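Trainee: got a structure for you, letters missing:
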Ligand SMILES: [Zn+2]
């Protein structure tokens, strides 16, 4: 388990890149081959949506309902840099500083992530995530 804590530290470092002053979340995707070799595939953090037709808005971070409309979560940001049909050899593990929300967990299912390690538990929705994890055979491990 200690090896995954080292990768969680990396996810934590990645979270510092988030522009959100109130809640910084980081996620990294790693693969583990049968021989034990681990490789980082992608990283992500909660950030603004990006559009070529949009200038960078000055968000009022105190208005959380408004900012929610403009933020992409760390897990989706992390997965957006890979092609879900890519043949990644080995198990796919995601390490998140916060347990995934329901929307992000759907992407975790789609991208065939085998295990999600998380640090802080999002209590409100965690029981739903636990049910989905069992249904789709994804391990959820708090470290
Ligand atoms: Zn999310």
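Mentor: Perfect, thanks for sending it. Because the structure is a prediction, the values reported are computed rather than measured.
Trainee: the ion versus the closest residue to residue 15 other than its chain neighbours, what's the distance?
Mentor: Leaving aside its sequence neighbours, residue 15 sits nearest to residue 26 (Cβ to Cβ, 6 or more residues apart in numbering; 3.1 Å). In this view, the C-beta of every residue, glycine as well, is placed from N, C-alpha and C. The gap separating residue 26 from the ion is 12 Å, by Cβ to the ion, to the nearest Å.
Trainee: now swap in residue 17 and tell me
Mentor: Computed with Cβ to the ion, the distance linking residue 17 and the ion is 17 Å.
Trainee: what sits against that residue?
Mentor: Counting by Cβ atoms under 8 Å, 6 or more residues apart in numbering, residue 17 touches 26, 45, 47.
Trainee: once you drop chain neighbours, what's closest to the residue nearest the centre of the chain?
Mentor: Residue closest to the mean C-alpha point of the chain, counted by Cα atoms, centre = their mean, is residue 75 at 2.4 Å. If the residues on either side of it in the chain are set aside, residue 75 comes closest to residue 104, at 3.9 Å by Cβ to Cβ, 6+ apart.
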